[in-house]
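Undergrad: sequence? don't have it. structure:
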């Protein structure tokens, strides 16, 4: 089954404790991205990757890091989480960078930073 | 860069009535406009999309219209049903690629039985 899998789905952590949210896709997609969803703000892009070893900032990259060492994986790293990073996070993938490709979202990761 | 505004933020309709959600975009180069539906507690999923060379597209009870001159596009849902209750997101994508998708802020649609 074609899917985007992210873990953990739910996490409560403390300020400053490094955490990683993993994301994996089995569709051989070139493009992967991370979004955060906050009430009234919609889906905002954090980082994206057009292919292995190619990443770039989205609209809200501050406080986040990513890496793309393998085509299927695109982990999101919060080096020193803060309460304003409490949010619902979605990993997404797409066949390629051309406009018109459907974005497939993971199930989401609820992150609470206290 | 691209900016997408979406209205209304919430919309309540009686079952069987129609619902219309509108989005405007700023980048005249944008050429692809998808709509995603997010049911409560679930991931957003594509429901319909339209390209800039088409003015209207239909898929059963849903349709999307595009006015390139005015730079706005709309989602129309006819004969609404309770299962249409969800948050709907519009997005705009320039020719440079999918990674430049800009999403609207979402519309929470409630279909009242």
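TA: Now that the structure is in, tell me what you want to look at. Everything numeric here is computed off the predicted structure, so don't read it as measured data.
Undergrad: isn't residue A:40 up against residue B:9?
TA: Yes - with contact defined as Cβ atoms under 8 Å, residue A:40 reaches residue B:9; the gap is 7.3 Å. Bear in mind the C-beta positions are built from the backbone N, C-alpha and C, glycine included.
Undergrad: more neighbours: those two, which one.
TA: Remark: of residue A:40 and residue B:9, residue B:9 carries more neighbours, 15 against 7, as counted by other Cβ atoms under 10 Å in any protein chain shown.
Undergrad: grab the nearest non-local neighbour of the more buried one.
TA: Of all residues not flanking residue B:9 in the chain, residue B:107 sits nearest, at 6.2 Å (Cβ to Cβ, 6 or more residues apart in numbering or on different chains).
Undergrad: what segments of chain B are strands?
TA: If DSSP state E is used as the criterion, the strands of chain B fall at B:4-7, B:10-14, B:19-25, B:32-38, B:45-51, B:56-59, B:62-67, B:72-77, B:86-92, B:102-103, B:107-112.
Undergrad: need the longest strand for chain A.
TA: strand A:42-51.
Undergrad: just the residues contacting that one, thanks.
TA: A:30-38, A:55-61, A:64-66, A:68, A:71, A:74, A:76, A:89-90, A:97, B:6, B:44, B:89, B:97, B:99, B:101, B:103-106 (Cβ atoms under 8 Å, 6 or more residues apart in numbering or on different chains).
Undergrad: with stretch B:43-50 instead?
TA: Contacting residues not belonging to stretch B:43-50 are listed as A:43, A:90, A:100, A:102-103, A:105-108, B:32-38, B:56-57, B:59, B:62-66, B:73, B:75, B:88-89 [Cβ under 8 Å, 6+ apart].
Undergrad: what about the residue nearest the centre of chain A, distance to residue A:4?
TA: Centroid-nearest residue in chain A, with Cα atoms, centre = their mean: residue A:34, separated by 2.7 Å. Distance from residue A:34 to residue A:4, counting by Cβ to Cβ, to the nearest Å: 11 Å.
Undergrad: now do the shared contacts for residue A:40 and residue B:9.
TA: Shared contacts of residue A:40 and residue B:9, counting by Cβ under 8 Å, 6+ apart, come down to residue B:105.
Undergrad: just the buried residues out of the contacts of strand A:42-51, in PyMOL syntax.
TA: This is how PyMOL selects the buried members of these, with burial counted by 16 or more other Cβ atoms under 10 Å in any protein chain shown:
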select buried, (chain A and resi 30+31+32+33+34+35+36+37+55+58+60+61+64+66+68+74+76+89+90+97) or (chain B and resi 6+44+89+97+99+101+103+104+105+106)
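Undergrad: the element among helices and strands of chain B having the smallest mean pLDDT and chain A in contact?
TA: Least confident helix or strand, chain B: strand B:102-103 with a mean of 90, by mean pLDDT, DSSP states H and E. Yes - on the criterion Cβ under 8 Å from any Cβ of the partner chain, strand B:102-103 is in touch with chain A at residue B:103.
Undergrad: so how far is that strand off the chain centroid?
TA: Strand B:102-103 sits 11 Å away from the centroid of its parent chain (Cα atoms, centre = their mean, to the nearest Å).
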